[in-house]
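Student: Got a predicted structure here, sequence first:
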Amino acid sequence: MTTVAAWTIGVLIFFPILWIFILSFKAEGDAIGTPLHVISSAWTFDAYGEVQGRSDYFKHFWNSVVLSLGSTLIGLAIAIPAAWSMAFVPGKRTKDLLMWMLSTKMMPAAGVLVPIYLIFRDLGLLDTRIGLVAILTLVNLPIIVWMLYTYFKEIPGEILEAARMDGASLRSEILYVLTPMAIPGIASTMLLNIILAWNEAFWTLRLTAASAAPLTAFIASYSSPEGLFYAKLSAASVMAIAPILIMGWFSQKQLVRGLTFGAVK
Amino acid sequence: AETTITVATVNNGDMIRMQTLMDDFYAKNPDIKVEWVTLEENELRQRVTTDIATKGGQFDVLTIGTYEVPIWGKQGWLVGLNDLPAEYDVDDLLPAIRGGLTVDGTLYASPFYGESSMVMYRKDLMEAAGLTMPDAPTWADIKAAAAAMTNKDAEIYGICLRGKAGWGENMAFLTAMSNSFGAKWFDENWQPQFDQQPWKDTVSFYLDLMNNYGPPGAANNGFNENLSLFQQGKCGMWIDATVAASFVTGADSTVADKVGFALAPDNGLGKRGNWLWAWSLGIPAGSQKVDAAKAFVNWATNKEYLALVASKEGWANVPPGTRTSLYSNEEYAKVPFAKMTIDSINAADPNAPTVDKVPYVGVQFVAIPEFQGIGTAVGQQLSAVLAGQTSLEEGLAAAQQLTVREMTRAGYIK
Amino acid sequence: MGQITLSKVVKQFGEVTVIPPLDLEINEGEFVVFVGPSGCGKSTLLRLIAGLEDTSAGSITIDGVNATDLPPAKRGLAMVFQSYALYPHMTVRKNIAFPLKMAGMSPEEQEKRVKAAAGVLNMNKLLDRRPGQLSGGQRQRVAIGRAIVREPKAFLFDEPLSNLDAALRMGMRLEITELHQRLKTTMIYVTHDQVEAMTMADKIVVLNAGRIEQAGSPLELYKNPKNIFVASFIGSPKMNFVGGQVAKYHNAATIGVRPEHVMLSTSSGPWKGTVGVAEHLGSDTFVHVNTEEAGTITARISGEVVVKHGDTVWLTPMPDKIYRFDAEGVAI
Amino acid sequence: MGQITLSKVVKQFGEVTVIPPLDLEINEGEFVVFVGPSGCGKSTLLRLIAGLEDTSAGSITIDGVNATDLPPAKRGLAMVFQSYALYPHMTVRKNIAFPLKMAGMSPEEQEKRVKAAAGVLNMNKLLDRRPGQLSGGQRQRVAIGRAIVREPKAFLFDEPLSNLDAALRMGMRLEITELHQRLKTTMIYVTHDQVEAMTMADKIVVLNAGRIEQAGSPLELYKNPKNIFVASFIGSPKMNFVGGQVAKYHNAATIGVRPEHVMLSTSSGPWKGTVGVAEHLGSDTFVHVNTEEAGTITARISGEVVVKHGDTVWLTPMPDKIYRFDAEGVAI
Amino acid sequence: MATEHSKSAGRLMVSPAVAVLLIWMIVPLAMTIWFSFQQYNLLYPDRTGFAGIENYYYFITDFRFQPAIWNTLRLVLGVLAITTIGGILLALLLDQPFWGQGIVRLLVLAPFFVMPTVSALVWQNMFMDPVNGLFAHIAKAFGGDGYDFLGQSPLMSIIIMVAWQWLPFATLILLTALQSLDREQIEAAEMDGASVWSRFIYIILPHMTRAITVVILIQTIFILSVYAEILVTTNGGPGTASLNLPFLVYLASIVDNDVGMGAAGGVIAIILANIVAFFLMRAIGKNLEH
Ligand SMILES: Nc1ncnc2c1ncn2[C@@H]1O[C@H](COP(=O)(O)OP(=O)(O)OP(=O)(O)O)[C@@H](O)[C@H]1O
Ligand SMILES: Nc1ncnc2c1ncn2[C@@H]1O[C@H](COP(=O)(O)OP(=O)(O)OP(=O)(O)O)[C@@H](O)[C@H]1O
Ligand SMILES: [Mg+2]
Ligand SMILES: [Mg+2]
């Protein structure tokens, strides 16, 4: 009973993804037919062939990897010390600071595009991975800091004190004791950030041209082509989301634990 | 040394096809490498506008339309193309198209393909209904035909028209249609005209057609959605871009051999409801690689390229609507929609688009920078009217009000 | 090595004074236990000595050197925390070696010392496990190992046994005592368990609201508590206190008598009462008697006595074991 | 009210049999304690009685009614959990009133009963706090309050004191005992602390791997343990066991002697040894002696004796207090 | 944890990071504020200068402004309602033991990884299309007509798309919270005679408050700035039916190329977001403590 209900709902929620997966293996003419027709018609790799022929998937894929990993690592490097200070040497303003950081995430990106574009132009960062890494770092930093902060707060201060008694300098304390202890938290922060960076579709589209464009730009060229496009769009979508989906599935335990933002003790 | 140029282009079929033919270009220009940025039309326009206005310099060749070229050319943002080599044969360009891309005697972009709009219809359905479509129909003919062909139970809708909001979507169609009803955007003092009878006539006729004979969800149908519907045989008629002709008669279409073409309808007022557009290649003034860019533009838009496509993909797939010579080519004349396309293009006059005199150029748009925003906002209003969310009167009143406001702010209305 | 002197040490948190000026002398090799009720400042005092908190005033001298402003690492003390504060991501070996690594010792030397410490604590087999794979008692040992390995001038323990269950507690108590007998290093030990204090300490320091109520050897405190507070804190079960007429008769505001010094009779005695609860431990019996004259009195009787709830009994305090206190609670 | 009978009760988790067929009779008003090592099935047995687990076989009768298949709420029993399982988001008042509210009682009636329970447990002032703001002992009381208020046929306690510190434990132990004497309701109490078992129980049930090793009054178990398992479990400090020659001499495989039955002399006795650690409690001294003949023996001496680490002493077990066990560990 | 030594050393070591962080966040904000008072339209390079509050004035008096505010709120509340209620129900379901629990978890989690653009495209074309969409096909199979989701209920359609993407997030946080509930508490309630429903209302739901709070907070942050889904599907229409604040800002700054007005819109959006955040923190912030 539970099994049936849970599976039904699980499959329903997953269905859109399953459906584009199926459509991506159909000919365009078949893909637009009734569901029964879709299921029963012939399977083909044509859509994938066409998509790959039309755009350089691997370049976009590699850019996505570099951007999401790069921004995540830099973000962590900045956020770990900041979160350390907030969690272990809190001031009166710590909570406010955190809230303020989060509120900057609510700023509509469109409103800042031109200023950023101008800065990027002057610094020669347009269409470079470095520039995008910087922007994605900036965009996701509040979330990273917050996640790490909630994690660090759960680490007993006694352990850091023990390290201090043991003669560790502040650097050693963070490097040898805090960071390794927070590995699960850091890992899930990384995962979430990679996902957010991978799916970010405003800046990645508007600050890149050819060389730094990630998969979001790749998918943007399929959003309204001419003629029948269900199969091609499905194939492109599958190619764009598959890597992150697979990564997410493999690491879901980590991810879910970290996603709770300290909500679950 | 090798030069790499970045080409921004829309994801339309003809452009995609160009990307598959690059071997020819590399053979002829071994030291130039081309990087593509392919985006959806609106995305591309915004992306390119930001870049050129801020002199970001990320692109060396831009795909832009007849709306941008006059505005940008005037700003000095584009490199003049008067010095293209002789074999480019600038005089071969269709005069209407060339006129739309020229500012003060300088050609600022080279047309890749040009289009107007026309009626595409199902010959078989017309026949079954006992009707024939004149080559130059009136709106009344269209309505009668739509009524006759509609069979909702069989999922056949008499007419498919654009309803999706956007200055390049429903407003392109409606503005062109309004021209044939004697309507206009602005009078000679830049006063918006949505509160006048001709606009009301236009929109109510449009609503009448769509509500009675159109497909469900038309308020979200743009070019592409309608194309899908037509290819599946669900539309009796479709009034849209002439380039669609090659798709509805192409391989993906279930009705390829049953399509007839006619000029866009009129109302006896001397203007037909068709537009004029050309996707063209321009070079931003900030480009560091103008020579390479010019070489590319020349390759992509001269006569040889047409021949190249014809040899690889057949005449039906040649980018249409740019050159006189194409239409005098006998092979091309066999293409079923060739004549109707050139007739449609010739029927449009960007410099005198409306029945009355107006202070602007552009058939289905108004070539001022504010038009994108205003057109989109008005488009939303009319889309809401089509979706039944507001009434015709309210929609037009809102359109009038917002247009007045924006034009006042921009300083046109003193 | 291991002589610690606190003079006029004060600690304030914001407005609140947790430790008023306090003087304390800890001799070399001594096992000093801080006891006192929760919140009385035991941990704070220990942390001041460790250098984990700054003193607000006063000075701390370690082996004759003024250590008041030295950082924790420079004081040469080792601390065992209540939670043990083991590094969960390191093996036992790495945990123990950590202070040596921080001191920049060579890996060979580290290994040698770790081996030695592990030998002392009998945990050679555990070296490659992680803290998560250890039982409470084993963790405790690792924490001590981490302290030993640095050969500190003194060990500081903050309630190291309070997370263990009763049985284990007893064993670990013995181990620490034996360790002290072996190493002869100064140890400062915080607890609020008076059995621990009694059995382990050379010197007990009884704290109350940051003040030292009394300091001395366990038996001294047991035999001559300076005041009611100390008397009630030392000894288990707790001393019985009686006021009123009975006390007046002894020329005191309050008298105290320990349960082990109360004799029980089924026939006669000065205090008559009914048995409330009788706890039969086999070896002893704790009888809680509700008397008219003296309120509820607990008596501890060796071996087994047959009394039940509701029985009428008579109690006699041993006359020479009666403690007398004045109205301020100070012993007379 | 409160007569509970288990007959041939079996509990299996999957393939594993945790409780083999077990019979047990609990009389009305009795205070029964289940003791045994960790994992022996104490909690499981309690939960079977509560109805939180289904029996795999056998039947449970409560007050003559077959309750084997009744849901927990219908059995009329109340349970106090090890973690107390207080509802953290409700005030103490709401916590205590919860069972009444679930029973559909009117708010006035609820309030009346809550007040009464709070009075019994002396926590009128705590009613508006939340569990998070209470100390361990106070939480314990709320948990008991929640149980009392329903006037259950029997109380079930699962190690209710194991989260408290030693001092508090003693106090709460007394409180529960007094409560039992007042209410005279059947109580079933699980612990692995034998001091609790000894002091509280009318009847102790010693469990080992789901089997009942021995059941009887505390003193019965103290005096006549059926086997080594029971003997070592009951009594504190633990009984000393000696095998080998010494045991053979007593015609047994093993002999046992309790620390309180070992006499210490500085001059003579059968077992010579050196003092390891001497723990001075004031009232008693525990002396741990390493003997040649009998291994390490703990002796408990009343009052204060002056022995130090390393002293040579002689031990004498009281001859009539020697327990003899055969090779299977069964008492002879 | 707090000697002057460690405090000052800590501050010193952390200050560069915090500074970088602050600069990173302040620079765009300051530039936005600066531009919001400037005349700056990309297509009019020569019209520049101080604009006073004109940009703000025009942004706020735009007839689309009010609908945009309401739609923003509706969108947030709609998605929150679906995801939290749905999330709680799903969490309760997935918490039961059943065959294939791990796989179902993965299935439920999947939408969280899908790019908003892809999700919108897929929903719009393959599901909600009134002629070719799957829903239309299903309706037709039962003799009905395809429903014009995006034309007739545009905002609802977008809420569905966004909710689909965020439901996994809510479900998994709530599920984790549910699993952290002390079993003994449920058993205690059972002993106390609480029915399944009472247990849910009085024990389980209060236990999840904190998790629900986090779900609401995080989702609000992200949903307040939803824009890709609207861009791909309805462009805010028909009319203003699905226009939200970020999209209005997008229209101003990118479609109109009016940088000044876009910046003003951005500033207004931030102010409103902070007001929402403030009330949110007031209303539920205490649940986040300890
Ligand atoms: N960082 C701090 N800020 C403010 N007050 C503090 C701080 N640390 C401790 N205190 C206060 O100082 C007093 C003494 O605390 P301390 O931890 O030393 O007590 P303790 O004797 O160790 O108690 P316990 O037996 O409960 O561990 C308490 O009242 C406590 O509230
Ligand atoms: N739900 C369960 N599934 C499988 N085995 C279980 C379950 N509950 C308990 N057990 C097993 O049953 C045995 C008895 O467990 P129980 O909790 O009754 O022990 P206990 O005597 O209460 O121990 P403790 O003193 O540690 O609380 C243990 O071996 C335990 O692993
Ligand atoms: Mg303390
Ligand atoms: Mg148990």
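Tutor: Sure thing, it's come through. Numbering: from 1, shown residues only, chains lettered A, B, ... in the order given. Ligands and ions are numbered 1, 2, ... in the order given.
Student: Just give me the neighbour total for the residue in the stretch 51-200 of chain C that ligand 1 sits nearest to.
Tutor: Here the stretch 51-200 of chain C gets closest to ligand 1 at one residue, residue C:192, 4.9 Å apart by C-beta to the nearest ligand atom. From N, CA and C alone the C-beta is placed, and that goes for glycine too. Residue C:192: 21 surrounding residues under other C-beta atoms under 10 Å in any protein chain shown.
Student: Is it correct that it is in contact with residue C:36?
Tutor: Yes. In this structure, residue C:192 is within contact of residue C:36 by C-beta atoms under 8 Å, at 6.7 Å.
Student: Need the residues touching each of those two.
Tutor: Residues touching both residue C:192 and residue C:36 by C-beta atoms under 8 Å, 6 or more residues apart in numbering or on different chains: residue C:42.
Student: Quick one: list the elements packing against the helix or strand where residue B:261 lies.
Tutor: Secondary-structure assignment from DSSP states H and E places residue B:261 in strand B:259-263. Identification of packing neighbours for strand B:259-263 by 3 or more C-beta pairs under 8 Å, 6 or more residues apart in numbering or on different chains; DSSP states H and E yields strand B:110-122, helix B:123-129, helix B:244-248, helix B:338-347.
Student: mind running it again at 7 Å?
Tutor: Contact here means 3 or more C-beta pairs under 7 Å, 6 or more residues apart in numbering or on different chains; DSSP states H and E; on that basis strand B:259-263 packs against strand B:110-122, helix B:338-347.
Student: how near is the spatially most central residue of chain E to residue A:197?
Tutor: The centroid of chain E falls nearest to residue E:223 when counting by C-alpha atoms, centre = their mean (1.6 Å). For residue E:223, the distance to residue A:197 (C-beta to C-beta, to the nearest Å) stands at 19 Å.
Student: how many other residues sit next to whichever residue of the stretch 1-150 of chain B sits closest to chain D?
Tutor: Closest contact between the stretch 1-150 of chain B and chain D, by C-beta to the nearest C-beta, is at residue B:43 (49.7 Å). Counted with other C-beta under 10 Å, residues neighbouring residue B:43 total 22.
Student: Is it correct that it falls within a strand?
Tutor: No. Secondary structure of residue B:43 (DSSP: H, G, I helix; E, B strand; the rest coil): helix, not part of a strand.
Student: List the contacts of it.
Tutor: Contacts for residue B:43 (C-beta atoms under 7 Å, 6 or more residues apart in numbering or on different chains) come out as A:205, A:220.
Student: Can you pull the poorly scored residue ranges out of the chain?
Tutor: Just so you know, I chose chain A. Low-confidence segments of chain A (pLDDT under 70): A:223-228, A:258-265.
Student: switch to chain C, that's the one I care about
Tutor: For chain C, the ranges with pLDDT under 70 are C:1, C:165-167.
Student: Just the element for the residue nearest to the spatial centre of it, please.
Tutor: With distances taken as C-alpha atoms, centre = their mean, the residue of chain C nearest its centroid is residue C:197 (3.3 Å). Using DSSP H and E, residue C:197 sits in helix C:194-200.
Student: Could you see whether chain D lies near that helix?
Tutor: Yes. Counting by C-beta under 7 Å from any C-beta of the partner chain, chain D has neighbours in helix C:194-200: C:195, C:198-199.
Student: check contacts around residue C:20.
Tutor: Residue C:20 neighbours (C-beta under 7 Å, 6+ apart): C:10, C:210-211.
Student: Just the buried ones from those?
Tutor: With burial judged by 16 or more other C-beta atoms under 10 Å in any protein chain shown, the buried subset of the contacts of residue C:20 is C:10, C:210.
Student: Which members of the contacts of residue C:20 are positioned in strands?
Tutor: Judged by DSSP state E, the subset of those located in strands is C:10, C:211.
Student: quick one, phi/psi of residue A:155?
Tutor: Residue A:155 adopts backbone torsions of phi -80, psi 130, taken as degrees, to the nearest 10.
Student: Count the neighbours of it for me.
Tutor: Applying other C-beta under 10 Å, we find 18 residues neighbouring residue A:155.
Student: got the contact list for it?
Tutor: With C-beta under 7 Å, 6+ apart, residue A:155 has these contacts: A:178, A:181-182.
Student: Go through those and say which is closest to chain B.
Tutor: Taking the contacts of residue A:155 together and measuring to chain B by C-beta to the nearest C-beta, the closest member is residue A:182, at 40.1 Å.
Student: ok, the nearest residue to that closest one once chain neighbours are set aside to ligand 1 distance?
Tutor: Excluding its sequence neighbours, the residue lying closest to residue A:182 (C-beta to C-beta, 6 or more residues apart in numbering or on different chains) is residue A:151, at 5.5 Å. Residue A:151 sits at a distance of 22 Å from ligand 1 (criterion: C-beta to the nearest ligand atom, to the nearest Å).
Student: Distance of residue A:151 relative to ligand 2?
Tutor: 31 Å.
Student: what's the answer for residue B:50, then?
Tutor: Distance of residue B:50 to ligand 2, given as C-beta to the nearest ligand atom: 63 Å.
Student: Ok, residue A:84 next?
Tutor: Per C-beta to the nearest ligand atom, residue A:84 is found 38 Å from ligand 2.
Student: Could you point out the helix or strand that follows the strand or helix carrying that residue?
Tutor: Under the criterion of DSSP H and E, residue A:84 resides in helix A:57-88. Going down the chain from helix A:57-88, the next helix or strand is helix A:94-104, by DSSP H and E.
Student: So for whichever residue of chain B sits closest to chain E, what's the nearest residue that isn't a sequence neighbour?
Tutor: At 2.8 Å from chain E, residue B:384 is the closest residue in chain B, using C-beta to the nearest C-beta. Nearest residue to residue B:384, sequence neighbours excluded (C-beta to C-beta, 6+ apart): residue E:239, at 2.8 Å.
Student: pretty sure the one you found contacts residue B:380?
Tutor: Yes. With contact defined as C-beta atoms under 7 Å, residue E:239 reaches residue B:380; the gap is 5.5 Å.
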